[in-house]
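# Sequence first, then the predicted structure:
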Amino acid sequence: MAQDAVRAEGRERLREGAVYDARLARRLIRYVRPHQRWIWISFALLIAASASGLALPYLQGRAIDDYVAGGETHGLVRLLVVFVVLAVFEFVMKGLQTYTLDRAGQDALVDLRLGVFAHLQRLSSRYYDRTPTGRLIGRVTTDVEALAELFSQGVVTILGDFVMLAGTVAILLWMDWQLALASFAVVPVLMYVTMKVRFKVRAAYTTMISRRSRLYSFLHEQVQGMPLVQLFAREQESADGFGQINSELRDAQVESVWWESVLSAVTELIESLTKALLLWAGGLVIAAALLPDGSLSPGGLTIGALFTFYGMLERFFRPLVDLSQKYTVMQNAMTAADRIFALLDTDDSVPEPRDPVRVDGCRGALAFEDVVFGYDPDNPVLKGVSFRVEPGERVAVVGATGSGKSTLLRLLSRLYDVQQGRVTVDGVDVRDYALSDLRGRIGVVTQDVFLFEGDVLENLRLGGAIDESRALAAASALGLDKIVARFPAGYREPVRERGRNLSAGEAQLVSFARVLARSPAVLALDEATSNVDTGTEELLQGAVHTLTQGRTALIIAHRLSTIRDVDRILVLHKGELVESGTHEELLARGGVYEHLYRMQYREQEG
Amino acid sequence: MWREYAPLWPFLRRYFGSTALGALCILLSVGLKVWIPLLIGDALEAFEQWNPAEGRDALVDGALQSALLIAGTALVVALVRTASRVLILGNSRRVAADVREHVFDHLLRLAPSFFLRNPAGQVMSRVINDLRVVQSLVGPVILYIAENLALFAFCLVVMLRSDPLVTVLALAPYPFAFFQARRLALRIQLGSAAAQNALGDLSTKVDESLSGQQVIKTMALEESDMAQFEARARHYRDLNLDVTKQRAKLVPLMLGLTSLSTLIVLGLGGLRVANGQTGLGPWTAMLMYLGILAGPTRTLGFVISTLRRGAASLQRLFEITASEVEIVGPPAERRVDFTPGELVVSSLSVVHPPISEQPHLEGSMPVGLDPELADRERAVLRDVSFRLAPGETLGVVGHTGSGKTTLARVLARQWPVARGVVSIGGTDINDVAPSDWRRRVGFVPQEAFLFSRTLAANVALGRPEALREEVEHAVRISQLANDLDQLPEGLDTVVGERGVNLSGGQRQRAALARVFLLDRELVILDDTLSAVDTHTADRILEALEEFLAGKTTVIVSHRLSAVKHADEIIVLEEGAVAERGTHLELLARGGIYAELWEKQERHEAECDELGIEITSKET
């Protein structure tokens, strides 16, 4: 059913047809423009190559008529020299052209990839909540690859084909306009057929790409979860799932092959038909030159001329055949471009303020004012939460899983925007800061840690954004240096993809040190639940203490030690703030917090 | 050189019949296509020999006849050509799909260590991008080769018949050009392999960044993230351009070849015609045949480069299937199904080979690795021994990196082990088929991965036919039941990548629930409660007791309270057993365990998660 929808959408798009493709092409050109120097060079080379290429059959015809048929060999040698010079010129130009063209294309693709990646970085968390990663990976890699073909075989070559076509048409007309017109008669037929097939090809490609996308996301998940698949003996189920998606993809590909084949055969058929037509017309023309006295009128069609004409006709059809073949490449590329631009058009990024507030320092005052928010807007996680954190104050938030604690940090750093109310830093709505300003000002440490592939030091320095000395100072302030000393390569210990070779605690400390090195005015910390061994646990506790010294801190707390260390505690319960105060105050008040504390005590006794 | 394509053979063979038919169609179409210039040549000769005295009609009728013959032939050619393409190109898609399935089936059998060593992006890029290259190797290249070999053969025969001397001379430059092309082709292959690797690396990077996008955003890491991506994208571009340079050299080589041949025919042949040694007709026909050969010769450059790029990608693809399935069962005739009994581990040592010697897929090796470091091997487990009677529980504790997880993996058969080291009921672990082993052993790994399906389907992963009540029961044991009302659709909420994101603790509890649906004799829990707060963990442990009653159990944990009741506890220190005994014995001994226990006791009093108490108050 989903495929029907895709097909219907494809048909819808096709109806807009050529206009739509022109728009896609214009957008693609935008990426090529900065590299147009290469395009023009390539184009010039192509014209030069084509011109000399066109002269070659002409020379052959001359050789036949002027020299060989007449038995004159002296002039033949001279003509051959010209032939050699032109031929060498042609192929050197073609070689250079191949390179310059790909150069322009590859440069444009880098820009396009960077553009897509930058856009992916801007897309909001909401977008990622609904879109499987596997699909997006395909967009940046495989889909962009399809455009590489367009650039290396398309654009300029297509332009070149047209130029060549125009040149050939002119020469053919000049040689014999009657024969030429007879040969061109087939062109409208060719165009009609191409147009007809085009729709089929495009629809087939659209289906194919969307199925490939499904394969991508299925594969992605399976590869990631493979150990589990094996553990629970789900291999058969996975193989079946893959087989299903795989054969659907295959069927779509086979269908597109069908249309490609038809298109290419039809073009060649028309070529041969034209030659047949020409032969007949040639006969007529020669016959028409028959004078009543039984001799031929001078200046009539010669065999040499007819031969040259055939040669030119080859050159007339070659670009046409090429074009029909490139047509499918182009359709493939356009389908890919369509999907890439659809992604680029997804305006689901966190909106940047038009006129961002410029602030120099940061005092570090935070406030949540009547904040209402839900990942699903009808199912709010926060139901009107208000609190303030004064500069330099350290505040802990406690509450059950799902009470909305972590959401507070996501709103503060604008991963999501509030539905009602507002969040402010230094009295200014977070939505009025430039995103980079906001996020640079608040040091957020999430439960999940993100480490880059590289080594420990590179990770601390964020690829060079932070001085080495600062990074190392931060690391030793948190006790990371002691852990690093245990690594065989010390700070140069390699970090694999997403830090999977470091333990959770080690990774967390790296992430802490990274934040400390930047020394932000506000620290927002989502304490990881206790998933480390006791030794590391102590290190982490000390690290948190160091981190919070002298700065405003909002901590989603999971540890009593943290809670005792802060100035004030907020108790979040089912999306509402139920209590607030110091540990002692809350205990004395005899409310929820006190009840908990007592319960825990009793349970420990029992 | 053809040996590189051998792995494709079994896949091609399946479509041998229809491919052969396709090839036959090609031969037919080529034969007919070659015939057309012959017809034209004849007609032209007729024009020339036409004596005006014969009258106009003779000429015009002759021309019309030839034209009709040509048109008819062309029509047949078109039909046959369409058939040949549909057959051969269609088969290339089928072969590609089969190869994809084959690779995937192999992935299903590879040990977890493969997935640990090789990033998902690299693996995916091979299955998708490299396969695309292979597909164009199978389809278009076979098509071109069949078509052009036939064409060359036909043209050669006809040309030889019209003037053997000139033909031989005209084709003389071909071998020389092939020799040159071969050299370029090898460079194309190497370059292409490097480029495909870079593409895999690029996919890995995108995968990494997208998976971590929330963290990247909140921690404002976009710039360094972008810098890493850009470096890879540019590197990929450079490698592609290197390949293009070689390809660009092939173009003039092939064009030069055709021009040289034409030149020879034009010059030498022309002279012979002028001297009356050859007729004008055969000579022009020969020029025309050369014209026909010009196209295929030019595309030969493309074929050569696609062949080599295909070889590179083929190798990358079959590198996956060549990856050893480290956990192999015994041959079918020696397959034993173990009888439950004592689990005996004697002198288990696991040494990680140096990184440089680990079987990485090309390109998945970490770059810029200190060579000294790469050559160092690391002992993970040293001489670990224990016996575990049926129904008893073993606790394994120790610091991060002490080898606990490796021990669990060995027992779960995720890690290969030599004979005579691990046995159960007297049967060596290597004599049991891995699938049989997994059917009888329940393992809950540390990382809780959820698939994009409903929570219920995730829990019922090992037994999709489980009843709803059973799933609900499992969720209750793992203390996930209380969290269900926070999920929009309870157990039917879609979780995983495409669904609601659960917290680390919730994910772990969901993963744990899976094992409760399975009836296993040996249960191995690898720090399954690490992301669950102490309080909930204790309640899970309580509930677990009932489930684990009568089952042989290995509990790996950094939290000592989880193993307190175990019949034996071993304390691992740098891979070796440092202490062993019951909880009380170990406490009395006053060693590492006792010290850890004291620390954790003190700690636990402080570390309890408060939030959970709010939940427990409500329930």
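That came through fine.
# from memory A:Met334 sits against A:Ala22, does it?
No: with contact defined as C-beta atoms under 8 Å, A:Met334 does not reach A:Ala22; the gap is 10.5 Å. Yep, even glycine has a C-beta here, placed from its N, CA and C like the rest.
# Which one's more surrounded, the two?
Applying other C-beta atoms under 10 Å in any protein chain shown to A:Met334 and A:Ala22 shows that A:Met334 carries more neighbours, namely 22 against 10.
# Identify the residue spatially nearest to the residue in chain B that chain A sits nearest to, adjacent ones excluded.
Distances between chain B and chain A by C-beta to the nearest C-beta are smallest at B:Ala63, namely 2.5 Å. Among residues not flanking B:Ala63 along the chain, A:Gly283 sits closest, at 2.5 Å (C-beta to C-beta, 6 or more residues apart in numbering or on different chains).
# Please enumerate the helices of the stretch 151-300 of chain B.
Taking DSSP state H, counting those that start in this stretch, the helices of the stretch 151-300 of chain B run over residues B:164-171, B:173-211, B:213-218, B:222-264, B:270-274, B:280-322.
# make that the stretch 451-600 of chain A, sorry
A:456-461, A:468-477, A:480-486, A:504-518, A:534-548, A:560-565, A:583-589, A:592-605.
# In JSON lines: these, plus distance to chain B.
Output for these, formatted as JSON lines (distance: least, C-beta to the nearest C-beta, whole Å):
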{"stretch": "helix A:456-461", "distance to chain B": "9"}
{"stretch": "helix A:468-477", "distance to chain B": "13"}
{"stretch": "helix A:480-486", "distance to chain B": "8"}
{"stretch": "helix A:504-518", "distance to chain B": "6"}
{"stretch": "helix A:534-548", "distance to chain B": "5"}
{"stretch": "helix A:560-565", "distance to chain B": "4"}
{"stretch": "helix A:583-589", "distance to chain B": "10"}
{"stretch": "helix A:592-605", "distance to chain B": "4"}
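# of all these, which lies closest to B:Leu68?
Nearest to B:Leu68 among the helices of the stretch 451-600 of chain A is helix A:456-461; the distance by C-beta to C-beta comes to 75.2 Å.
# What does the pLDDT read for the closest residue to A:Leu539 other than its chain neighbours?
Leaving aside its chain neighbours, A:Leu539 sits nearest to A:Gly479 (4.9 Å; criterion: C-beta to C-beta, 6+ apart). Listed pLDDT for A:Gly479 reads 85.
# Number of residues surrounding the residue of chain B closest to chain A?
25.
# How about the secondary structure of it?
Per DSSP: H, G, I helix; E, B strand; the rest coil, the secondary structure class of B:Ala63 is helix.
# how near is A:Leu451 to chain B?
Taking C-beta to the nearest C-beta, to the nearest Å as the measure, A:Leu451 falls 9 Å from chain B.
# elements contacting the helix ranked longest in chain A?
With secondary structure taken from DSSP state H, chain A has its longest helix at helix A:235-288. In terms of contacts (3 or more C-beta pairs under 8 Å, 6 or more residues apart in numbering or on different chains; DSSP states H and E), helix A:235-288 is packed against helix A:177-184, helix A:187-231, helix A:303-345, helix B:16-49, helix B:56-109.
# which one of those lies closest to B:Ala198?
B:Ala198 lies closest, by C-beta to C-beta, to one member of those: helix A:187-231, at 18.7 Å.
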